[in-house]
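> Got a predicted model here, sequence first, then my questions.
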Amino acid sequence: MNRGRIVDEMNRVLLFRHPLHALRLSNPLLPIPFFQSHPYTPTPTRMDSEKMLNNKKCVPCNSKDLRPMTHDSAHALIQQVAQWNLINEGDMLKLRRSWKVKTFTKGLEFFRRIADLAEAEGHHPDLHLVGWNNVTIEIWTHAVGGLTENDFILAAKINELNLHDLLRRSV
Ligand SMILES: C[C@H](O)[C@H](O)[C@H]1CNC2=NC(N)=NC(=O)C2=N1
């Protein structure tokens, strides 16, 4: 194996096991260590991007220059929030995700956990509990009648909640 291949192999191992790699992805302002200037620097995967959304904080929706994002921007961002769908209702975009809960009361507990997160973020979803065990969450920015980054931040943070004890096992 020639010297170039040996360096490539070393960088590949270093890059994926080096603790700085994970840290830098979550905080892109960190200086790029020497090995990351190498072609093996990975492009952020969906998980990495979701972590970046997940590290953000929702902003107040009452700023007058807040506008709904374009469909193109929404289609780009939806790639970063696993399991969420982009819904177009009367030309207004929303985020939607559904779950099946074990019981009606676990559905209410599900809402409680989402409510705590929403209150902490100052940004709130629409909550639906239908047919006793079907939960659907819809997120959009009411102040602008469309989607803003707040909606994707909230969706990414909902994805981080541990809700498994409330959910029916997916068959
Ligand atoms: C000032 C504060 O940002 C507003 O009252 C918030 C509250 N939560 C909100 N949640 C959502 N989804 N849309 C809003 O426009 C909104 N406005």
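Looks like it came in fine. Numbers count the residues shown, from 1 in each chain.

> number of nearby residues for the residue nearest to L166 when sequence neighbours are not counted?
Spatial nearest neighbour of L166, chain neighbours left out: K106 (4.3 Å); criterion: CB to CB, 6 or more residues apart in numbering. Any C-beta I mention is one placed from the backbone N, CA and C, and that applies to glycine too. For K106, the count of nearby residues is 17 (other CB atoms under 10 Å).

> okay, the nearest residue in space to V81 that is not next to it in sequence: pLDDT?
Counting by CB to CB, 6+ apart, A155 is the residue found nearest to V81 once chain neighbours are left out, at 4.4 Å. What the model reports as pLDDT for A155 is 98.

> which element is A155 on?
Assigned by DSSP states H and E, A155 belongs to helix 149-160.

> Which other helices and strands does that helix contact?
With contacts defined as 3 or more CB pairs under 8 Å, 6 or more residues apart in numbering; DSSP states H and E, the packing partners of helix 149-160 are helix 46-54, strand 92-100, helix 104-121, strand 134-139.

> Which of these sits closest to the ligand?
Nearest to the ligand, of all these, is strand 134-139, at 6.2 Å by CB to the nearest ligand atom.
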